[in-house]
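*Asks:* here you go, sequence then predicted model.
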Amino acid sequence: MMDRFTAVILVLLVSCICRTLGQTCEENCGEKLDTCSCHPTCTSLKTCCKDYREYCVETLPYSGSILGGTDFIVLDASFNKSSGIICRFNNNTDTVGYVDENSRGHCISPLLYETGWVPLHISSDNGTTFSRVGAWLSVHTGKLGAQFKATLVNSTQWQYYGTPNVGGTLEMTWNTSMVRAERVNIELWGYRETGEPYSDSWQGEWAYLYSLAKEHPNNGSFSFLPKPAEEGSPGFGWELGSLRVSPSTYPDGMWNVQAMWTEDHALAWQLEEKFRQDSVKWAHDKCLAWDQLEDRLPNFLTEIIDCPCTLAQARADTGRFHTDYGCDMEKGSVCTYHPGSIHCVRAIQASPKYAAGQQCCYDSTGAQVLTSDSIGGSTPDRAHDWGSPPFKKPPRIPGQSHWVYDVLSFYYCCLWSDNCKFYFKHRPSSDCRRYQSPSSAAVFGDPHFVTFDGVSYSFNGKGEYTLVTSAKKQLTIQGRTEPVNGTIKATKLTSVAMKEAYSDVIEVRLVNGHNGLEVLQNQKTLSFTEQSWMDLHGAFVFSPTPTNVTVMFPTGAGVEVRLIEGTMTTTVLLPREFRSYTLGLLGEMDGSAKDDLVLSNGQAVQNHSNPEEVFSFGASWAVSNKSALFTYDSEYLLENYLHAPRHDISFLPVFSVPENPDDPLASQASEICTGKGSQFCRYDILVGRSPSMGNATKVSFQNHIALVEDLKPVKSCGWLAPPTYGKKNGTTYLQGATVRFSCDDGYTLKGSAERVCQGSGVWSGEDTSCVVIKNIAGIVAGSVIGAAVLIVISTVLYCKIKKRCNKGVGGNWSTLRKPMQARGEQVRD
C-alpha cells in the first residue's frame, strides 16, 4: 500500500514538474503550450507565458550592415553585471556582448556574407547555454540608410585618385554616436574572391589590411594624404575594400567589434605606384586580362530575363523589377554609372544557374538606353548586386561579388581607360524582344474585382476567400473581408495572406483605425521603421511607407497592397508562365473572359450580370480551415473567422444600387462617380454610405486601367547599327520609331536612308551601307572636253570645206571657254 502511495506521489510530482516546465518559453519560442503561449500572437491575445519576453527577445535596433559592427540592445531581458554575454548569429558566428550601466544586455553584429533575417541566440553564461532566441536583419550596404554608414566625402575623388588631375587630401566623416569610444582607429579592410569560378574552391574573403590612424579623436572626421601601396605591403594588390571606424580599445583588425563602415569602393587611392605613373596603361592591361577571363567563363546572358521595353513597363512590372538605388528618378536621377539615363531597374531575382542579374536603364523619353549607343546603357551582371539565396559564396555574396566581376571591370575598361568596347563585349544590353508583360488583376472598395482577363464584378461576401491559387506554381493568395460596419450590408477587404511553395507566409492587413498597413511574417509583425526592404525566406517585401507594401516571389509573381483613403486595394501581377494555371476570384489567366468566373467545383457562371449567381461563385471560393494562411490574434478574429464558417451564409449583402433622388448622398455620387467603373463608385457611396470609399474606388479603378495600359505589349524591332563610314539619327527601336542614316564625306548611301519599326517587329526598307563615291567628276569633265574637241575639229573641217570659217566659230568657242576656265584649264585664243 505504501509503495503504491509513494508511486502515486511520484507520478503527481513528476506531472507537476513537467507542467511547470511546460509553462516556460525557454527553448519553446514560437510554440503554443498547454497553459500559456510562446507564439508571437500571445501578446495581443494576452496568453503569453510569464517569461516570454525574457527568452523570446526583441532587439533595438533590429537591423544593421552586412559588414557588421552594429551595437544593439536586447530588450526586456534581465542581465546582471556578472553576465558573460555571447551572441550567436546564424548558428555559427559568435560575438562578445556586454552589460551596460542600466543592466541591459548588448550584442555586436558580425560580418556576414548574406542579407535577410538570420537566427540570433544569446548566452549570458559565456556560451555554456543559449537560452534566449531572436533574429537579426542583415542589410546590403547599398540599401542601408546614410546615417548608419561612414561617408567618403567626394567619393569620386576617392575612386579616381591617381588618374590624371585627381589627387590631394581625402576626407571621411561619421556619426560619432554610432561608435562608443573617445578615440578610434581608422582601418582599411579589403575584399577579394579566390579559387576557380563556379567551383567548390570559389570563396569570398574580407581581410584587415592596415590602419590609417590609431588613437584618433572620435570627432566624426578624418583626413589624410594617401600613399600608394608598395609591393610586399599588406595593401598591395587589393582593389576593393571599405574603411572601418572602431574603438581604439580593440586590437588592430579585431573581428566583429562595434564599428562604422564606409560603402565598399574601388581602392584607387591606395593602388600601386604604376597606377599613378600611368593609370590609363595600368587600367588597359587590367581590362585586357578581364576580357580574357570572361572568354573562359560560362555565358550567363542566355538565362537572364529580358528588359522591359519602356520605362512605364519597367516601373509597372513590380513582381520582377525594382528600382536600382544607383539611378532613381524619385531621388533626382543621380546616375553616376549611367550618364544619359534618368532611371534604372534591376531584375529582382537572380538567374537560376549562374546567379546573374539584369539591369535596365531608360532615358527621359522612356526608351531603353543600350550600350551599343551609349556608355550609360543597360548592363547585365555576372553577379546580381543584391546577391541571391543561399548567399555566403560567390557569385551569390551580396554587393561584393557584383563589385568583383561587374564594377571593377567597368573602372578598368571605361572609367580609368577608354576601352569600353571590351566591357560591352561581355556586358551588352539586352533589348526587349523577348520581354513579355505580366497580367494584372485587382481587388478594391466594397470589394470589387477585375480579373486577369478584364472581367469586372462585385462580391460582398463576409469571410476568407481564395483570390488566386496555382497548383503548378504553388502560389496561394487569400483575402479576408469584413462588414463595413454593424448596420451596412456590404463588406471590404481587410487582409491579404500569401505563400509560394516553401516560402514564409506573408500577410498584409489593415491596422486598427485603418490609417496604415501591417505586415506579418509567419504571424509575427514586421517593423519597417529602420528598413524599407526585407529579404525573407522565399519572398522579398518592400514597404517605403505605412500605406504601401509590395511582395515579390521567386516565380516573378508580385502583390501590391495600397491604402487609399482608409480602403485597401490589392493588385496581383503574374508573368506569362502562369497562363492557364490560375483559379479563384481573380479568374483563370488565359486571355479569355469566358471562363473567368468558375466555381471551385468547375461550374461556370452563366450570367455575369446576375449578382446572386456571382455571389454564389464568390462563396464557393471560401478557404478551408486547413488551407487558411491568416493570423488570428484577437478575440474578434477567433470568434468571427477561426471558429466560424469561412463564408458567413447569414450575411447577405445589398446586391443593387438603390436609386433614390432624395438620398442625401445622391448628389455626391453623381459628382464623384464618372467615367469607367462609375457603378462601383456609386455602390460604395450609396450602399457603403461612404463618399471617401467611393472616391478611393474610383482612384483604384483608374489606377488599374493605367497599369493595364502601361503593361501593354510593345513591339521591338531590335537595335540598328550605324553604317560603317556613316551615322544614324535615332536610338529608339520600338514600333513607330524612325531611324535615319547618313554617310561621311566621300561616301554615298546604299540601301534605305530611313527605316521605320513596323508592327510586325521588322524594320522597313533595306540594310544600309556607305560606299566610296567613284571619280564621277573626272569622267564627266573628260567627256565634256572630248565632246568639245570633237565639235571644234568637225567645225574647222566644215568651215574649210565651205570656206566660211570666220562666221559662227567665234561664238561656239566663247561658249566653251567659261566651263574650261572654271576647271582651271589654260585657254588660248
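*Replies:* Looks like it came in fine. The model shown is predicted, which means the values in this text are computed figures rather than measured ones.

*Asks:* please name the bridge partners of the nearest residue to residue 72 once chain neighbours are set aside.
*Replies:* Leaving out its chain neighbours, the residue that sits closest to residue 72 by C-beta to C-beta, 6 or more residues apart in numbering is residue 59, at 4.7 Å. C-beta coordinates here come from the backbone N, C-alpha and C atoms, glycine included. Listed beta-bridge partners, residue 59: residue 74 (assigned using DSSP bridges).

*Asks:* going forward, the N-terminal residue is numbered 787.
*Replies:* Okay, residue one is now 787; in that scheme the one you just asked about reads as residue 845.

*Asks:* report how many residues lie close to the residue nearest to residue 822 when sequence neighbours are not counted.
*Replies:* Nearest residue to residue 822, sequence neighbours excluded (C-beta to C-beta, 6+ apart): residue 835, at 3.9 Å. As a burial measure, residue 835 scores 22 neighbours (other C-beta atoms under 10 Å).

*Asks:* any idea how far the residue nearest to residue 858 is from residue 897?
*Replies:* Applying C-beta to C-beta, to the nearest Å, the value for residue 845 to residue 897 is 18 Å.

*Asks:* higher neighbour count, those two?
*Replies:* Between residue 845 and residue 897, residue 845 has the larger neighbour count (other C-beta under 10 Å), namely 24 against 20.

*Asks:* pretty sure the more buried one is touching residue 861, no?
*Replies:* Yes. Between residue 845 and residue 861 there is a contact under C-beta atoms under 8 Å: 6.3 Å.

*Asks:* in this protein, which helix or strand is least confident?
*Replies:* helix 1595-1608 (a mean of 33; mean pLDDT, DSSP states H and E).

*Asks:* ok, which stretches of the stretch 1387-1536 of the chain are helices?
*Replies:* 1397-1405, 1421-1423, 1452-1458, 1464-1472, 1477-1496 (DSSP state H, counting those that start in this stretch).

*Asks:* from the ones you listed, which stretch is densest packed?
*Replies:* Most buried of the helices of the stretch 1387-1536 of the chain, by mean neighbour count (mean count of other C-beta atoms under 10 Å): helix 1464-1472, with a mean of 24.

*Asks:* quick one: that one to helix 1477-1496, angle?
*Replies:* 160 degrees (axes from the mean of the first three to the mean of the last three C-alpha atoms, to 10 degrees).

*Asks:* so what pLDDT did residue 809 get?
*Replies:* In this prediction, residue 809 carries a pLDDT score of 89.

*Asks:* with residue 1080 instead?
*Replies:* pLDDT at residue 1080 comes out at 97.

*Asks:* who touches the helix or strand harbouring it?
*Replies:* Taking DSSP states H and E as the definition, one finds residue 1080 inside helix 1065-1082. With contact meaning C-beta atoms under 8 Å, 6 or more residues apart in numbering, helix 1065-1082 is reached by 948-950, 1057, 1060-1061, 1195, 1197-1199, 1202-1205, 1208-1209, 1211-1212.

*Asks:* mark which of these are part of helices, please.
*Replies:* The members of the contacts of helix 1065-1082 that map onto helices under DSSP state H are 1060-1061, 1195, 1208-1209, 1211-1212.

*Asks:* for the residues you listed, give me TSV that also has pLDDT, neighbour count and distance to residue 1511.
*Replies:* Converted to TSV, those look like this (pLDDT from 0 to 100; neighbours: other C-beta atoms under 10 Å; distance: C-beta to C-beta, whole Å):
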residue	pLDDT	neighbour count	distance to residue 1511
1060	97	14	38
1061	98	23	37
1195	97	23	31
1208	97	20	23
1209	96	24	25
1211	96	13	22
1212	97	22	27
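
*Asks:* from those, pick the one nearest residue 922.
*Replies:* residue 1195 (33.0 Å; C-beta to C-beta).

*Asks:* need the contact list for that closest one.
*Replies:* Applying C-beta under 8 Å, 6+ apart, the residues near residue 1195 are 1073, 1076, 1209.

*Asks:* just give me the residue closest to the centre of this structure.
*Replies:* residue 1108 (2.6 Å; C-alpha atoms, centre = their mean).

*Asks:* look up how far residue 1346 lies from the residue nearest to that one when sequence neighbours are not counted.
*Replies:* Of all residues not flanking residue 1108 in the chain, residue 1134 sits nearest, at 5.3 Å (C-beta to C-beta, 6+ apart). Separation of residue 1134 from residue 1346 (C-beta to C-beta): 13 Å.

*Asks:* contacting residues for residue 1040?
*Replies:* Residues near residue 1040 by C-beta under 8 Å, 6+ apart: residue 1032.

*Asks:* that one: which element?
*Replies:* Assigned by DSSP H and E, residue 1040 falls within no helix or strand.

*Asks:* sorry, back to before: same list, the contacts of residue 1195, but as JSON lines with distance to residue 1023 please.
*Replies:* Below are the contacts of residue 1195 laid out as JSON lines (distance: C-beta to C-beta, whole Å):
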{"residue": "1073", "distance to residue 1023": "17"}
{"residue": "1076", "distance to residue 1023": "15"}
{"residue": "1209", "distance to residue 1023": "22"}
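
*Asks:* from those, which is closest to residue 852?
*Replies:* residue 1076 (25.3 Å).

*Asks:* quick one: the closest one from residue 1140, how far?
*Replies:* On the measure of C-beta to C-beta, residue 1076 and residue 1140 end up 17 Å apart.

*Asks:* now do residue 1377
*Replies:* Distance, residue 1377 to residue 1140, by C-beta to C-beta: 33 Å.

*Asks:* more crowded one of the two?
*Replies:* Each of residue 1377 and residue 1140 had its neighbours counted (other C-beta under 10 Å), and the higher figure belongs to residue 1140 (22 against 11).

*Asks:* secondary structure class of the more buried one, three-state.
*Replies:* coil (DSSP: H, G, I helix; E, B strand; the rest coil).

*Asks:* which residues does it contact?
*Replies:* 984, 1084, 1086, 1089, 1168, 1181.

*Asks:* what's the burial count for the first one?
*Replies:* For residue 984, the count of nearby residues is 14 (other C-beta under 10 Å).

*Asks:* helix or strand: which one has it?
*Replies:* Counting by DSSP H and E, residue 984 is part of no helix or strand.

*Asks:* is it true that residue 880 touches residue 872?
*Replies:* Yes. The criterion here is C-beta under 8 Å, and residue 880 meets it with residue 872 at 5.5 Å.

*Asks:* just list whatever residues bridge to the residue nearest to residue 998 when sequence neighbours are not counted.
*Replies:* For residue 998, ignoring the flanking residues on the chain, the nearest one in space by C-beta to C-beta, 6+ apart is residue 972 at 4.3 Å. Counting by DSSP bridges, residue 972 forms beta bridges with residue 999, residue 1031.
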